[in-house]
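Chemist: Structure for the following, please:
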Amino acid sequence: MQVNLFNCSLQNRNFSGTGSIGNIHLPDFNDKYVFSKKKSGTSDEEYYKLIREQAYQDYAKGQFQNKSEGFNQLMKRYTSEVSPDRKGIITSGLKAVSRNRQNVLKPIDLLATLLEGKVKYKKLPSGSNEYIEFYDKNGEMVATYSNNGWTMYTTNAEASRQTQMCMIYNEAWGNAKRGIPLTGEGTVNMDNLQNNFDAKA
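Modeler: Okay, here's the model as predicted:
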């Protein structure tokens, strides 16, 4: 079975029109690859049905995974259920950095503890290169800012969730390809899916 991991790391990506804090442009939190905590109230069973339906729709259109806008939107919803509060961590972190910014001739190492995580900040002597790391409350890095661009990092919980969705989707897409009709019946056992994935990996 092919499982394409939906790696959402954005290497030094610039965003515009997103507002700024302390002269640093914020990432676009509406971007399909920028996940932030959002509980929808949708159950795993409902998501399973939506994922399977999306796979059948995509097969009919000749699309697969992130070539489909519907897949991308559903992946964002599904992953955001377990995402850290990136928006809160980044905005709070930038405010903390802005309050503590100083003009000195040596690098500054600042560690600020936030409600949802922490931020580490370093400004190089030139003043033009800033490097900021953002961590969630579990100590996992969720984003970095450097050279006027952003990189988002997938947490373990997000990676697991993305793998689950890809496995459900791939199975349904394969069924669509084999001409097996989509039925409203059936449930998914996430543990069994993960165990099968681990065995094949």
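Chemist: Look up which residues are beta-bridged to residue 150.
Modeler: residue 13, residue 145 (DSSP bridges).
Chemist: Return the distance of it relative to residue 27.
Modeler: With distances defined as C-beta to C-beta, to the nearest Å, the gap from residue 150 to residue 27 amounts to 5 Å. In short, each C-beta sits where N, CA and C put it, glycine included.
Chemist: now do residue 35
Modeler: When C-beta to C-beta is applied, the distance between residue 35 and residue 27 equals 11 Å.
Chemist: between these two, what contacts are shared?
Modeler: When C-beta atoms under 8 Å, 6 or more residues apart in numbering defines a contact, the residues bordering residue 35 and residue 27 alike are residue 152.
Chemist: Of those two, which one has the most company?
Modeler: Neighbours per residue, other C-beta atoms under 10 Å: of residue 35 and residue 27, the larger number sits with residue 35, 28 against 23.
Chemist: Check whether the more buried one really touches residue 85, as I assumed.
Modeler: No - counting by C-beta atoms under 8 Å, residue 35 sits too far from residue 85 to count as a contact (10.4 Å).
Chemist: Low-confidence ranges, the protein, go.
Modeler: Under the criterion of pLDDT under 70, the regions of the chain flagged as low confidence span 1-17, 101-110, 123-129, 184-201.
Chemist: any chance you could map the strands in it?
Modeler: 20-21, 24-25, 108-113, 117-123, 130-136, 141-146, 149-152 (DSSP state E).
Chemist: Columns mean neighbour count and distance to residue 94 on top of the ones you listed, output as CSV?
Modeler: CSV is the format used below for these (neighbours: other C-beta atoms under 10 Å; distance: least, C-beta to C-beta, whole Å):
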stretch, mean neighbour count, distance to residue 94
strand 20-21, 14, 4
strand 24-25, 16, 6
strand 108-113, 13, 10
strand 117-123, 20, 8
strand 130-136, 21, 8
strand 141-146, 20, 8
strand 149-152, 20, 11
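Chemist: And those: which comes nearest residue 31?
Modeler: For the strands of the chain, proximity to residue 31 was assessed by C-beta to C-beta; strand 149-152 is nearest, at 9.0 Å.
Chemist: Which other helices and strands does the closest one contact?
Modeler: Contact here means 3 or more C-beta pairs under 8 Å, 6 or more residues apart in numbering; DSSP states H and E; on that basis strand 149-152 packs against strand 141-146.
Chemist: Need the CA coordinates for the strand it packs on. CSV is fine.
Modeler: Listed in CSV are the C-alpha atoms of strand 141-146, where the atom choice follows Å, rounded to 0.1, in the frame of the first residue of the first chain:
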residue,chain,number,x,y,z
MET,A,141,9.2,22.5,17.9
VAL,A,142,6.2,23.8,15.9
ALA,A,143,7.8,26.6,13.8
THR,A,144,10.9,28.7,13.2
TYR,A,145,11.4,32.1,11.7
SER,A,146,14.6,33.1,10.0
